[in-house]
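Sequence and predicted model, in that order:
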Amino acid sequence: MQSLTPFLVESLVRLLRLFVSWPAASVTTILYYGEALPRNPRLQRLVRDELLDDENFLLHFLIAMFRCFCKSRKK
């Protein structure tokens, strides 16, 4: 477990940096890819694909959680 700590801390720092530097774009990107927002061209302008790098584990985790939440809510 100790070997995962640096990866998670680095991912947390990246996620917090995104929320501080681009708050609207980061929240919109999480909700959009988490399928909590409709596919709307106006909202899609706020979505930043470059935020989804492979090493931002917590961002991908949040997106997966929103996908699960939205799928269970639609049923």
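Sure, I can see it.

What lies in contact with the lowest-mean-pLDDT helix or strand in the chain?
Scoring the helices and strands of the chain by mean pLDDT, DSSP states H and E places helix 57-74 at the bottom, with a mean of 83. Identification of contacts with helix 57-74 by CB atoms under 8 Å, 6 or more residues apart in numbering yields 7-8, 11-12, 14-15, 18, 26, 30-31, 33-36, 51-52. C-betas here are computed from N, CA, C, even on glycine.

mind listing which of these are in helices?
Judged by DSSP state H, helices contain the following of these: 7-8, 11-12, 14-15, 18, 26, 30-31, 33.

Distance to L43 added to these, as CSV?
Below are the ones in helices among the contacts of helix 57-74 laid out as CSV (distance: CB to CB, whole Å):
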residue, distance to L43
F7, 31
L8, 30
S11, 25
L12, 26
R14, 23
L15, 21
L18, 18
S26, 14
I30, 12
L31, 9
Y33, 12
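
Distance check, Y32 against V13.
Using CB to CB, to the nearest Å, Y32 is found at 23 Å from V13.

Comparing those two, which residue is more hemmed in?
Applying other CB atoms under 10 Å to Y32 and V13 shows that Y32 carries more neighbours, namely 21 against 11.

Quick check: closest non-adjacent residue to that one.
Residue nearest to Y32 in three dimensions, not counting chain neighbours: V47, with 4.7 Å by CB to CB, 6 or more residues apart in numbering.

Which PyMOL command selects the buried ones in the ones in helices among the contacts of helix 57-74?
Per 16 or more other CB atoms under 10 Å, the buried members of the ones in helices among the contacts of helix 57-74 correspond to this PyMOL selection:
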select buried, resi 11+14+15+18+26+30+31+33
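
Would you check which pair of the ones in helices among the contacts of helix 57-74 lies furthest apart?
Based on CB to CB, the longest span within the ones in helices among the contacts of helix 57-74 runs between F7 and L31 and measures 24.7 Å.

From V9, how far out is the residue nearest to Y32?
Relative to V9, and taking CB to CB, V47 is found at 27 Å.
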